[in-house]
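Q: need a structure here:
(one chain, ligands or ions: 2)
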Amino acid sequence: MTSILAYDLGASSGRALLGRLNSRTIETEELHRFPNNPVQVRGRLHWDILRLLHEMKQALLKAKHRGVTLQSLAIDSWAVDFGLIGRSGELLGNPYHYRDTHTDGVMENLSVQLTPPYIFGRTGIQFLPFNTIYQLAAMKRDDSPLLREADRFLMIPDLLRYFLTGDMYNEFSNATTTQLYNPLRGDWDTDLLAAIGIPASWFGPVLQPGAGAGELLPSVCGELGIASVPVIAVAEHDTGSAVAAVPATDRSFAYLSCGTWSLMGTETDRPVLSELAQQLNFTNEGGVGGTYRLLKNIMGLWILQETKREWERGGTTLSYPELIGLAEQAPAFTAWIDPDDARFLAPGDMTPRIRDYCRETGQRAPEQPGEVVRCILESLALKYRYVLELTERLSGNAFSGLHMVGGGIQNKLLCQWSASAIGKPVWAGPAEGSAIGNLAVQWIAHGVFADIWEARRVIRESFPVEVYEPNNREAWEDAYGRFRTATGLAE
Ligand code: ADP
Ligand code: LRH
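A: Ligands and ions are numbered 1, 2, ... in the order given. A predicted model of the protein is given here:
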């Protein structure tokens, strides 16, 4: 039995999915799911990177015990985070998690020396306080000893791939998210690197999604008692993989990758570096087959995840279906937040922040759990409407509906409310977008699919797509106006 293996390391969990083709139908099997919790130490938030490597090895052992022969494997994870490798080839320290506070204020301070038009004109990347450029600048400001020892820079999937293969490469889709890669030059932006005082020599050759990236080291094979497996560079940025899996038919389509983050936008052939794109703070992240994702980050279900955790710490454990059930019963359209208010970025208790936000904006603060969850989900749906309108304005396209992929589509209430808020159908599926996009690019690399469009066709035929039609339109239209007034979201 020949399969391929996708590792997708999300914030809600890490998973290893086996993929097989049964004639022209994709079959997937979840081989292993494991926590991917960051760890706090001395006030800093870090990746538990070696534990993840351990879990990835457990997946390889499970494949072995099932008698599965792996034709290849690939890794994707979230953007911007990285590890530094010293001259001896060892990882220096534990990689920082992007939600660590060491980047607080760095973006603002750096903008004096490097103006937003200068950075955006070179990278096309939206201004997020945790972009790699600001993480490196924070380490520089703190005179981190790691910077003195560093010899190579690897993004998280590059790093895990290096642990498995011994080969160091930087993968393209993730490289673009650093805000240090210049898509016009097709290389790292040496001027930006020089400006923040980071040596260009740390940054290696950039592999396109679909390129071969080595194979498992003899030491890894020996430890696990397995034969070697080729490793492929896919769109190692999870959002790149998720968008690769959107089962679109129309070449011009709108998507929402709905997981811990909500990433909304459209696919383009080239980066859009206009003044308007910069003003609206859209991004141009590199994708599969020379595509770009013109999109905007929305804080997403992170706020609900953290609220759930807050209540768990307080002794009340509620499942997602329970939380959604409570929201459904709570009164409609009473208070909203702008999910992208900076206060919601850091981990920790969310309900005090939500209540503060509502009070500060002259709204009644939600008290009961159902009211809080309703406030979060309605606010997300309304923010989707806002960002979809911006995407249409910026791209010049009018979209007939919205594709939603990612674990968030299990939240049927959110899918329905999103359709109602945008006034267009939502096509939801597949839920494991990133892992399936990861598999798809491996099959492109194997020559099984000619390109991303053939892959999307097979994904469409293999996974159900649930359709949500808008309803209760007048009430949502009215709510949208009031949401914008409450949150101060301008034209
Ligand atoms: P990640 O970005 O971490 O990979 P996922 O795509 O796995 O995220 O999506 C995680 C989100 O999916 C959770 O924050 C949660 O809101 C939602 N979710 C997960 N399971 C369920 C469920 N059973 N019902 C409704 N929503 C769910
Ligand atoms: C989603 C994601 C997103 C990034 C963020 C750091 O998982 O990769 O595209 O902006 O995490």
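Q: relative to Pro230, how far out is the nearest residue to Pro425 once chain neighbours are set aside?
A: Using Cβ to Cβ, 6 or more residues apart in numbering and skipping the chain neighbours, the partner closest in space to Pro425 is Gly401 (4.0 Å). Every C-beta, even on glycine, is put in place using the N, C-alpha and C of the backbone. For Gly401, the distance to Pro230 equals 38 Å [Cβ to Cβ, to the nearest Å].
Q: and Gly433, by the same measure?
A: 24 Å.
Q: do Thr283 as well
A: 31 Å.
Q: and these two? Which one has more around it.
A: Using other Cβ atoms under 10 Å, the more surrounded residue of Thr283 and Pro230 is Thr283, with 28 against 19.
Q: what sits against the closest residue to that one other than its chain neighbours?
A: Closest residue to Thr283 apart from its sequence neighbours, by Cβ to Cβ, 6+ apart: Gln126 at 3.6 Å. Residues near Gln126 by Cβ atoms under 8 Å, 6 or more residues apart in numbering: 281-283, 296-297.
Q: just the buried members of the residues you listed?
A: 281-283, 296-297 (16 or more other Cβ atoms under 10 Å).
Q: looking at these, which are in strands?
A: 283, 296-297 (DSSP state E).
Q: tabulate these (a markdown table), appending pLDDT and distance to ligand 2.
A: Formatted as a markdown table, those follow (pLDDT from 0 to 100; distance: Cβ to the nearest ligand atom, whole Å):
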| residue | pLDDT | distance to ligand 2 |
| --- | --- | --- |
| Thr283 | 98 | 8 |
| Lys296 | 98 | 10 |
| Asn297 | 98 | 5 |
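Q: which stretches in the stretch 51-200 of the chain count as strands?
A: 69-77, 82-86, 91-92, 150-155, 170-171, 181-182, 187-188 (DSSP state E, counting those that start in this stretch).
Q: closest one to ligand 2 among those?
A: strand 69-77 (7.5 Å; Cβ to the nearest ligand atom).
Q: so what secondary structure elements neighbour that closest one?
A: strand 2-9, helix 49-65, helix 156-165, strand 230-233, helix 238-244, helix 433-445 (3 or more Cβ pairs under 8 Å, 6 or more residues apart in numbering; DSSP states H and E).
Q: and stretch 5-20, is it in reach of ligand 1?
A: Yes: Stretch 5-20 is in contact with ligand 1 by Cβ under 6 Å from any ligand atom, via 10-12.
Q: just stretch 23-33 next, same as before
A: No: on the criterion Cβ under 6 Å from any ligand atom, stretch 23-33 is out of touch with ligand 1, staying 9.8 Å away.
Q: taking the mean pLDDT, what do you get for that stretch?
A: Taken as a whole, stretch 23-33 has a mean pLDDT of 96.
Q: check which residues of that stretch are buried.
A: Quick answer for stretch 23-33 (16+ other Cβ under 10 Å): 26, 28, 31-32.
Q: for Asp187, see how far away Gly204 is.
A: 11 Å.
Q: quick check: Trp417 touching Ile376?
A: No: judged on Cβ atoms under 8 Å, Trp417 makes no contact with Ile376 at a distance of 11.1 Å.
Q: chain center to stretch 439-456, what's the gap?
A: Here the centre of stretch 439-456 is set off from its chain's centre by 21 Å, with Cα atoms, centre = their mean, to the nearest Å.
Q: pick out the residue of the stretch 51-200 of the chain closest to ligand 1.
A: Closest point on the stretch 51-200 of the chain to ligand 1, by Cβ to the nearest ligand atom, is Trp78, at 7.2 Å.
Q: do the biggest helix by length in the chain and ligand 2 come into contact?
A: In the chain, assigned by DSSP state H, the helix with the most residues is helix 369-395. No: when contact is scored as Cβ under 6 Å from any ligand atom, no part of helix 369-395 falls within range of ligand 2; the minimum is 13.9 Å.
Q: the very next helix or strand once past that helix - what's its average pLDDT?
A: Elements were assigned by DSSP states H and E; along the chain past helix 369-395, the next helix or strand is strand 402-405. Average pLDDT, strand 402-405: 98.
Q: repeat that for stretch 222-235.
A: 98.
Q: cool, stretch 465-473 as well?
A: Here stretch 465-473 scores 98 as its mean pLDDT.
Q: what comes up buried for it?
A: Buried residues in stretch 465-473 (16+ other Cβ under 10 Å): 465, 468, 470.
Q: and if you look at stretch 416-434?
A: 416-422, 424, 426-434.
Q: stretch 285-298 now?
A: Using 16+ other Cβ under 10 Å as the burial criterion, the residues of stretch 285-298 that qualify are 285-289, 291-298.
Q: okay, now stretch 283-297: how far is its last residue from its first?
A: Start-to-end span of stretch 283-297 (Cα to Cα, to the nearest Å) is 8 Å.
Q: close to ligand 1, is it?
A: No: judged by Cβ under 6 Å from any ligand atom, stretch 283-297 stays clear of ligand 1, getting no closer than 12.0 Å.
Q: quick one: that stretch to chain centroid distance?
A: 12 Å.
Q: which residues of the stretch 201-350 of the chain fall in helices?
A: Shown for the stretch 201-350 of the chain, the helices assigned by DSSP state H, counting those that start in this stretch span residues 218-224, 238-244, 275-279, 302-313, 320-329.
Q: of the residues of stretch 5-20 next to ligand 1, closest to Ser395?
A: In terms of Cβ to Cβ, no member of those lies closer to Ser395 than Gly10, at 27.1 Å.
Q: residue contacts, the closest one?
A: With Cβ under 8 Å, 6+ apart, Gly10 has these contacts: 36, 77-78, 238, 259-260, 407, 434.
Q: could you rerun that using 10 Å?
A: Taking Cβ atoms under 10 Å, 6 or more residues apart in numbering, we find Gly10 in contact with 36, 76-78, 238, 242, 259-261, 406-407, 432, 434-435.
Q: most neighbours out of those residues, which is it?
A: Busiest of the contacts of Gly10 [other Cβ under 10 Å] is Ser434, holding 34 neighbours.
Q: list the contacts for that residue?
A: Per Cβ under 10 Å, 6+ apart, neighbours of Ser434: 6-10, 15, 17, 76-78, 234-235, 237-245, 257, 259, 405-407.
Q: quick one on the thing from earlier: spell out which residues are contacts of both of Gly204 and Asp187.
A: Ala175.
Q: pLDDT weak spots in the stretch 151-300 of the chain?
A: Scanning the stretch 151-300 of the chain for pLDDT under 70 picks out no residues.
Q: enumerate the residues of it near ligand 1.
A: The stretch 151-300 of the chain has residues 259-260 near ligand 1, with proximity defined as Cβ under 6 Å from any ligand atom.
Q: which residue is the nearest non-sequential neighbour of whatever residue of the stretch 151-300 of the chain ends up closest to ligand 1?
A: For the stretch 151-300 of the chain and ligand 1, the shortest gap (Cβ to the nearest ligand atom) falls at Gly259, measuring 2.7 Å. Leaving aside its sequence neighbours, Gly259 sits nearest to Gly406 (Cβ to Cβ, 6+ apart; 4.0 Å).
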